[in-house]
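>>> Build the 3D model from these lines:
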Amino acid sequence: QAFRKASSSVPAYKDILNKHGTEAKEVKTLSDFQSRVPITDKKMTFLSYRLADLCVDGNLDNVLLLLPSSGFSGGYSYGVITSADAVAGVALLDEGLKRTFDLGGKPLIVNTLGMGVTVQTNFPSIQTGTRSDIVLETLARLRSDFTSFVLIGDPLFIKQVIDEGADKNYKWGEYKIFFILGGDWFPESFRQYLMEKTGYDRSNILSSMGIAEIGLNVLFESPISADMRVFLAENPAFLKSLGFSSTPLLFHYDPSRIFIETISDPLLGSQLVFTTLDTERKLPLIRYLSKDQGVILDKQFLGLLPPEAQEKYTPLMPLVAMQGRSDAFVSSAGEERLYTAEVLENLFKDAALATFITGQFFLRAEEGFIVELQLRQGVEGDSLGDKFKNILQNLNKTSVRILPRAYEKFPHQMAIDYQRKPKRI
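Residues are numbered from 1 along each chain as shown. A predicted model of the protein is given here:
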């Protein structure tokens, strides 16, 4: 139904099908859909047509909010939200928060996201943006006024908040805080780092993946999927059988809202393709390639788990495993690859060392691989390079050199203001 409505009422999509030679009336089965309907992406849609022409009836009537993408992959796309979308989104988020966390009677939602991204909720909320001083002051001042806090933000910004709080002798265990990390992929070692710094359980620190064009909470972790990820991390042979070089995030999704497929690329591997299913959406997207590397974890996957793991981990909703951008790697002269995800995973394996870094780095190939690593403000010490080199030897690459850079001297997107995704290659 979503395909039929888009093909009949969205001017740009009609044109895309026409250029591809696809007759909508000939698409009658799922097999027809997957074999005849073209894969779309940002270039084919948002960078080729007016935004209004990508919408139902070719207009922006009844639109309440436009949500821009980060522009990380070049050019911008937009989420188009109507009043009805906003109301439904609030109900969905609030129900998800209550179902996932023990919030108590009066939680405060602390939105630390940058780029003007708002969090729509009926719970009390504060929009701090990427000001760690405001976040810390809010927690200290209002801790007796609310039963819990939910911090929503970029993983590396949340690290900054935690590190600065530790510098100021915050006793995190005295606060009832839950974290929703979004905007960027992070390794399990990063979550373990936050757990060690705060004393919180894994179930307090979960991830959500949004795609601006589709929605803010398209994919989401649960305590069950977070525990499943640990199982994968502890079983590298099983992980390798899934085709991943580092431990993916395991996300649930709602099959009534989104249809997910994968396509295989000889260079980039398995990539996720999304189709929105809500026929009332103003901007439907059909077979939309987000360029995120991932696989669908079906019943066959669960059947591969040991019996004790199957009993514990059988999820209530479908799962996908996602490792981030499929093109986030560099190749050496010998055609050896190093993914940014692999670097991140190893940087946070030693919590004591990770305290000294922002988490930002730049990866390039030059007689092997070079990782330029940004230190936190006020941290000096070239000797750290040798210590991180020992960790990165776990990557099993021919040559990896670490170049620590003082915060102010890090030459790649130096101003880490969390208003854009980090440039790592």
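>>> tally of neighbours for Phe178?
The number of residues packed near Phe178 is 21, by other CB atoms under 10 Å. Quick note: C-beta positions are derived from backbone N, CA and C, even for glycine.
>>> Was I right to think it contacts Phe101?
Yes. With contact defined as CB atoms under 8 Å, Phe178 counts as touching Phe101 (4.6 Å).
>>> Identify the contacts common to the two.
With contacts taken as CB atoms under 8 Å, 6 or more residues apart in numbering, Phe178 and Phe101 have Ser148, Val150, Asn204 as neighbours in common.
>>> what's the burial count for Ser148?
Around Ser148 sit 19 other residues, with neighbours defined as other CB under 10 Å.
>>> gap between it and Leu108?
Ser148 is 8 Å from Leu108, where distance means CB to CB, to the nearest Å.
>>> And the shared contacts of Phe178 and Phe101, which is closest to Phe244?
Minimum separation from Phe244 among the shared contacts of Phe178 and Phe101 (CB to CB) is found for Asn204, which lies at 25.2 Å.
>>> Apart from its neighbours in sequence, what residue is nearest Gly303?
For Gly303, the nearest residue in space outside its immediate sequence neighbours is Gln310; the separation is 7.4 Å by CB to CB, 6 or more residues apart in numbering.
>>> Kindly export the strand or helix carrying the one you found (C-alpha atoms) in PDB.
Gln310 is part of helix 307-313, with elements assigned from DSSP states H and E. Taking C-alpha atoms only, helix 307-313 is exported to PDB below (Å, rounded to 0.1, in the frame of the first residue of the first chain):
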ATOM      1  CA  PRO A 307      20.500 -23.100  23.800                       C
ATOM      2  CA  GLU A 308      21.000 -21.100  27.000                       C
ATOM      3  CA  ALA A 309      21.600 -18.000  24.900                       C
ATOM      4  CA  GLN A 310      18.400 -18.700  22.800                       C
ATOM      5  CA  GLU A 311      16.300 -18.900  26.000                       C
ATOM      6  CA  LYS A 312      17.700 -15.600  27.400                       C
ATOM      7  CA  TYR A 313      18.000 -13.600  24.200                       C
END
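>>> now it: mean pLDDT?
Averaging the model's pLDDT scores along helix 307-313 yields 73.
>>> Go ahead and name everything in contact with the helix or strand following that helix.
As assigned by DSSP H and E, the chain's next helix or strand after helix 307-313 is strand 319-325. For strand 319-325, contacts defined as CB under 8 Å, 6+ apart pick out 73, 184-185, 209, 219, 225, 228, 232, 242, 244-246, 248-253, 260, 272, 291-297, 301, 339-341.
>>> Among those residues, which lie within helices?
Applying DSSP state H to the contacts of strand 319-325, the entries found in helices are Ser225, Met228, Leu232, Phe301, Thr340, Ala341.
>>> got a list of what the fourth one touches?
Contact partners of Phe301, counting by CB under 8 Å, 6+ apart, are Leu242, Leu319.
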